[in-house]
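Peer 1: Here is the input, now give the coordinates:
(one chain, ligands or ions: 2)
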Amino acid sequence: MSDCLFCRIVAGEIPSNKVYENDKVFAFRDINPQAPVHVLIVPKRHKDNILACDADTAAALTDAVRVIAAQEGVEKSGFRVVSNCGKDGAQSVNHLHLHLMGGKTLPGRMA
Ligand code: 5GP
Ligand code: ZN
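Peer 2: Ligands and ions are numbered 1, 2, ... in the order given. Next comes the predicted model:
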């Protein structure tokens with residue numbers, strides 16, 4: 001998807017602050033961080049959102065969460081993982097991504 005922002009970031013066509021990469025996922029710092037640690041974790045292969053996430057991709061994403069949480073030093077203090085989906089979810093980039101946020105006590109809870 002050459003017109004997809006995150007596909008272009010994965011391809012290195014748009015620069016990003018890379019945090020982690022393996023053959024299935026790519027992770028980089030959010031350009032507008034909402035917490036001291038705010039990492040976006042995306043599958044390298046384009047999927048629109050979490051509704052298109054197969055089991056293999058889900059496993060790759062959660063494995064990356066574990067590695068990045070440890071790498072970023074939030075494993076023990078805790079953190080939040082969010083995936084916005086569609087209009088009411090306020091998804092602004094239509095390439096499946098997890099927000100991993102932490103490094104401070106996060107405000108409120110929605111659920
Ligand atoms: P969404 O709103 O779709 O859940 O999240 C998209 C996220 O991508 C936002 O938090 C936004 O700050 C981030 N973002 C948008 N454009 C860029 C970019 O060019 N580079 C990086 N690193 N993050 C971006
Ligand atoms: Zn994409």
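
Peer 1: Do you have the helices of this protein handy? List them.
Peer 2: 5-10, 55-71 (DSSP state H).

Peer 1: which one of these is the most hemmed in?
Peer 2: Each of the helices of the chain was scored by mean neighbour count; the highest is helix 5-10, a mean of 18, by mean count of other C-beta atoms under 10 Å. To be clear about C-beta, it is placed using only N, CA and C from the backbone, and glycine gets the same treatment.

Peer 1: so where's the chain uncertain?
Peer 2: For the chain, the stretches with pLDDT under 70 are 1.

Peer 1: got the helices of the chain as a markdown table, with distance to ligand 2 columns?
Peer 2: Shown next, in a markdown table, are the helices of the chain (distance: least, C-beta to the ion, whole Å):
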| stretch | distance to ligand 2 |
| --- | --- |
| helix 5-10 | 3 |
| helix 55-71 | 13 |
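
Peer 1: Those residues of the chain touching ligand 1, which are they?
Peer 2: Counting by C-beta under 6 Å from any ligand atom, the residues of the chain lying close to ligand 1 are 5, 16, 28-32, 40, 84, 90-93.

Peer 1: switch the cut-off to 8 Å
Peer 2: If contacts are counted using C-beta under 8 Å from any ligand atom, the residues of the chain sitting beside ligand 1 are 5-6, 9, 14, 16-17, 28-34, 38, 40, 82-84, 89-94, 97, 99.

Peer 1: Buried only: go through those residues for me.
Peer 2: 6, 9, 16, 28, 30, 38, 40, 84, 91, 94, 97, 99 (16 or more other C-beta atoms under 10 Å).

Peer 1: So what touches stretch 6-17?
Peer 2: Residues external to stretch 6-17 that are found in contact with it (C-beta atoms under 8 Å, 6 or more residues apart in numbering): 1-2, 5, 26, 28-29, 40, 42, 44, 46, 93, 95, 97.
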